[in-house]
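**Student:** Turn this into a structure:
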Amino acid sequence: LQSARIGVGAADRFSLRSTRFNSIGLGFTLDSLDVLLLFHAAFSTIQYRVLLKITEEEFSGPPLNVILELILDYMLCMYAGLAVLGNFQSILSDSEEKQAPTEVPEWNNIFKDSTLPLVVNIGC
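**Tutor:** Okay, the predicted model is just below:
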């Protein structure tokens, strides 16, 4: 009965790990698509400026399709960065997740003579 529980736990850990790697792969794919969309928007804007030079018109800004492409790229980038990679973890040292009870060491086992002063070398 004990070994069956261990096997199920290992399978659960494996499925969590593979899910995490799949989501990282999806995030990498979406980020790669973001870069390609940015290059395409830049190329389209350059092409548009060349067309304006040929027709001798004034450049007033990028065309609407480039602006829409950049908005789509921004939303896709935010989704890849926030939703795909998972939950945020606390970085605070005083968070409940990182607090673990520690035992007080036996100082007589650590220091040979506990009556001597403690010297701290600060590197000066």
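**Student:** Can you name the next helix or strand after the one helix or strand in the chain whose mean pLDDT sits lowest?
**Tutor:** The helix or strand of the chain with the poorest confidence is helix 2-55; it has a mean of 71 (mean pLDDT, DSSP states H and E). Using DSSP states H and E, the helix or strand that follows helix 2-55 towards the C-terminus is helix 64-79.
**Student:** pLDDT of that following helix, averaged?
**Tutor:** In this model, helix 64-79 has a mean pLDDT of 90.
**Student:** And the contacts of that helix?
**Tutor:** 30-31, 33-34, 37-38, 40-41, 44-45, 48 (Cβ atoms under 8 Å, 6 or more residues apart in numbering). All C-beta spots, glycine's among them, are computed from the backbone N, C-alpha and C.
**Student:** Kindly recompute the last result at 6 Å.
**Tutor:** The contact list for helix 64-79, computed with Cβ atoms under 6 Å, 6 or more residues apart in numbering, reads 30, 34, 37, 41, 44-45.
**Student:** In CSV, list the C-alpha atoms belonging to it.
**Tutor:** Extracted in CSV, the C-alpha atoms of helix 64-79 (Å, rounded to 0.1, in the frame of the first residue of the first chain):
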residue,chain,number,x,y,z
LEU,A,64,-3.4,51.5,-39.6
ASN,A,65,-2.6,47.8,-40.3
VAL,A,66,0.9,48.3,-38.7
ILE,A,67,-0.7,49.9,-35.6
LEU,A,68,-3.2,47.1,-35.3
GLU,A,69,-0.4,44.5,-35.7
LEU,A,70,1.6,46.2,-32.9
ILE,A,71,-1.4,46.2,-30.6
LEU,A,72,-2.0,42.5,-31.3
ASP,A,73,1.7,41.9,-30.7
TYR,A,74,1.6,43.8,-27.3
MET,A,75,-1.4,41.7,-26.2
LEU,A,76,0.2,38.5,-27.2
CYS,A,77,3.4,39.5,-25.4
MET,A,78,1.5,40.3,-22.2
TYR,A,79,-0.3,36.9,-22.4
